[in-house]
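Asker: Need a 3D model of the following:
(one chain, ligands or ions: 2)
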Amino acid sequence: MKLPAEPRLSPVTPRRRLHVITWGCQMNVYDSGRMADVLAPLGYTAADGPADADMVILNTCHIREKAAEKVFSELGRLRLIKEERAAAGKSTILAVAGCVAQAEGAEITARAPYVDIVLGPQTYHRLPEMVARAHRAAGPVIETDFPVEQKFDFLPEQQAAPGALTAFLTVQEGCDKFCSFCVVPYTRGAEASRPAASVLAEARRLVANGARELTLLGQNVNAYHGEGTDGRDWGLARLIRALAEIPGLVRLRYTTSHPRDMEDDLIAAHGDVPALMPFLHLPVQSGSDRILAAMNRKHTADDYRRLIDRLRAHRPDLALSSDFIIGHPGETAVDFAATMRLIEDIGFAQAYSFKYSARPGTPAAGAPGVVPEGEKDNRLAELQALLRDQQTAFNAECTGRVIDVLVTHAGRRPGQLGGRSPYLQAIHFDGPMTLLGEVVPVKITHTSTNSLSAALIFTPSKQELAPA
Ligand code: 5AD
Ligand code: SF4
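Answerer: Residues are numbered from 1 along each chain as shown. Ligands and ions are numbered 1, 2, ... in the order given. Predicted coordinates:
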């Protein structure tokens, strides 16, 4: 993660070093950046590692199994570093943030009393105050409330590293869906949306700093309903249409969505907003109606098929990604076959798949019909083989086509550039560094499961070949 550039500080502000360890989703990556932003005015800049840091933040993820155990084992390692620093006369503030902090705050302070700060995802704006209290306090400082609007109101604007060509932008947090297997509604709280004016202001700043592509983030991003700049309620499509007007912003994406929240206007936006990329991550989790009902997903497999048909009617080249859970309690071989059928019917460009793991406190934990591990392993292997074949085939179909690539970085070889296609595929090709940040057409020459090779279809001018 990039920390902000050295801020302008008063001569009395102490210079301090911060090390942030980030686990989990893109939302956590974004949050880690924001925590660094909030701490910058206190004099915190990037440390080389935990041993060099006056403050270490462990930003945690709770979505899958053994999350808490992983946190305690990492804390054990950090405790040793803190003790070594103390022996050398240096103090270290140790903070645990993110979803494990939210869910297990009390256990953390009981089992790891050397932790100074425990903060849930909604309280990052209070970090400076917590740091000051940690300096004074005898015991740990815990903040795990859910005042989401406050968090959005108080966070400073994102200090994007100048030159970042792609950036994340949180527009929504939390989830009210209560899927049977999921901890998010308990750790991230209820759905809350950020006002459009504040999203637009942050987007303009990011673009002014060089961003060409923005990915709008939210646990349930298409449930976005925020206050519009006209004082009315705006859905995600309205927000996307306003963002697409920002000069210099060429690509927009959003993640993660729920099928139930794909409103008509958002489906239409896929057809009529050119900046909205033809790639959608839309988790379905299962293809069996029985399991979808047990999961409390509130849609059927056919609802999902119809939704994809409608999206493709607006945007025929839409590429799809999804999440699948294998072995939810009650899943039989027949249910699994229905999931395989759905995958065959839709055809995914890529997807994520997970073995079900019980999360304490969720309705599915302790439900009857536990699927044996060996059976889960077999089903997962079969499902992943099919998804891999689909991904390989999707990439292979691109061979010989001309595709626009947003050039985002230098490749590994000298003279090589890397970027991403509208469908989020990694593309490599030879070209001059002056193309960084440009969208250029390339012809796809070779493909594999994970990336595409390509060639520029125009000869760069002398000026473009000049060193950047
Ligand atoms: N077990 C397995 N996978 C899970 N996910 C969420 N909770 C669990 C769980 N208990 C997966 C879902 C979700 C993704 C982010 O993680 O597929 O969409
Ligand atoms: Fe979890 Fe997503 Fe379901 Fe919300 S919609 S409960 S975040 S899986």
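Asker: From now on I want contacts and neighbour counts done on CA atoms only, so please keep to that.
Answerer: Fine.
Asker: secondary structure class for the residue lying closest to residue 142 once chain neighbours are set aside?
Answerer: Closest residue in space to residue 142, ignoring its immediate chain neighbours: residue 118 at 4.7 Å, by CA to CA, 6 or more residues apart in numbering. Of the three states, residue 118 takes strand according to DSSP: H, G, I helix; E, B strand; the rest coil.
Asker: And for residue 118, the neighbour number?
Answerer: 27 (other CA atoms under 10 Å).
Asker: ok, it - contacts?
Answerer: 95-97, 101, 105, 108-109, 140-144 (CA atoms under 8 Å, 6 or more residues apart in numbering).
Asker: try 7 Å
Answerer: 95-97, 101, 105, 141-143 (CA atoms under 7 Å, 6 or more residues apart in numbering).
Asker: My understanding was that residue 256 contacts residue 219; is that so?
Answerer: Yes. Using CA atoms under 7 Å, residue 256 is in contact with residue 219, at 5.8 Å.
Asker: and the residue nearest to residue 142, what are its bridge partners?
Answerer: In this entry, residue 118 is beta-bridged to residue 96, residue 142, by DSSP bridges.
Asker: Relative to ligand 1, how far out is it?
Answerer: Distance check for residue 118 against ligand 1: by CA to the nearest ligand atom, to the nearest Å, it reads 23 Å.
Asker: who in this protein is up against ligand 2?
Answerer: 175, 177-179, 182, 184-185, 219, 258 (CA under 6 Å from any ligand atom).
Asker: picking that back up, please identify which of the contacts of residue 118 is nearest to ligand 2.
Answerer: Proximity of the contacts of residue 118 to ligand 2, judged by CA to the nearest ligand atom, is greatest for residue 101, which lies at 17.2 Å.
Asker: so what's that closest one up against?
Answerer: 118-120.
Asker: Tell me if it really is in a strand.
Answerer: No. If the criterion is three-state DSSP, then residue 101 is helix and not within a strand.
Asker: gap between it and ligand 1?
Answerer: 17 Å.
Asker: residues near residue 313, how many?
Answerer: With other CA under 10 Å as criterion, residue 313 counts 15.
Asker: Ok, residue 415 next?
Answerer: 12.
Asker: Tell me which residues touch it, please.
Answerer: 430-432.
Asker: Out of those residues, grab the one that's most surrounded.
Answerer: residue 431 (22 neighbours).
Asker: Distance check, that one against ligand 2.
Answerer: For residue 431 relative to ligand 2 (CA to the nearest ligand atom), the value is 40 Å.
Asker: got it, and residue 234?
Answerer: 20 Å.
Asker: Sheet-wise, list the partners of the helix or strand containing that residue with their directions.
Answerer: Element membership for residue 234, per DSSP states H and E: strand 233-235. Here strand 233-235 has these sheet partners by DSSP bridges: strand 225-227 (antiparallel).
Asker: mean confidence score for the strand it pairs with?
Answerer: What strand 225-227 shows for mean pLDDT is 97.
Asker: One more: stretch 335-352?
Answerer: 97.
Asker: ok, and what's touching it?
Answerer: With CA under 7 Å, 6+ apart, stretch 335-352 has contacts from 286-288, 319-324, 383, 387, 390-391, 394.
Asker: Only alpha carbons, please: show stretch 431-444 as PDB.
Answerer: What follows is stretch 431-444 as a C-alpha-only set of coordinates in PDB (Å, rounded to 0.1, in the frame of the first residue of the first chain):
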ATOM      1  CA  GLY A 431       5.500   0.000 -26.500                       C
ATOM      2  CA  PRO A 432       6.900   3.300 -25.300                       C
ATOM      3  CA  MET A 433       6.500   4.500 -21.700                       C
ATOM      4  CA  THR A 434       4.900   7.600 -23.000                       C
ATOM      5  CA  LEU A 435       1.700   5.500 -23.400                       C
ATOM      6  CA  LEU A 436       1.300   5.200 -19.600                       C
ATOM      7  CA  GLY A 437      -2.200   6.400 -18.700                       C
ATOM      8  CA  GLU A 438      -3.400   6.200 -22.300                       C
ATOM      9  CA  VAL A 439      -6.100   3.900 -23.700                       C
ATOM     10  CA  VAL A 440      -4.700   2.400 -26.800                       C
ATOM     11  CA  PRO A 441      -6.000  -0.300 -29.200                       C
ATOM     12  CA  VAL A 442      -3.900  -3.400 -29.400                       C
ATOM     13  CA  LYS A 443      -4.200  -6.600 -31.300                       C
ATOM     14  CA  ILE A 444      -4.300  -9.800 -29.200                       C
END
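Asker: Which positions in it come out as buried?
Answerer: Residues of stretch 431-444 classed as buried by neighbour count (16 or more other CA atoms under 10 Å): 431-433, 435-444.
Asker: Return the distance of stretch 16-23 from the chain's centre.
Answerer: Averaging C-alpha positions (CA atoms, centre = their mean, to the nearest Å) puts stretch 16-23 18 Å from its chain's average.
Asker: Run the contact check for that stretch versus ligand 1.
Answerer: No. Using CA under 6 Å from any ligand atom, stretch 16-23 never reaches ligand 1; the gap is at least 13.0 Å.
Asker: Counting neighbours, what do you get for residue 355?
Answerer: 17.
Asker: can you pull the contacts of it?
Answerer: Per CA under 7 Å, 6+ apart, neighbours of residue 355: 325-327, 376, 380.
Asker: and it, what pLDDT?
Answerer: 94.
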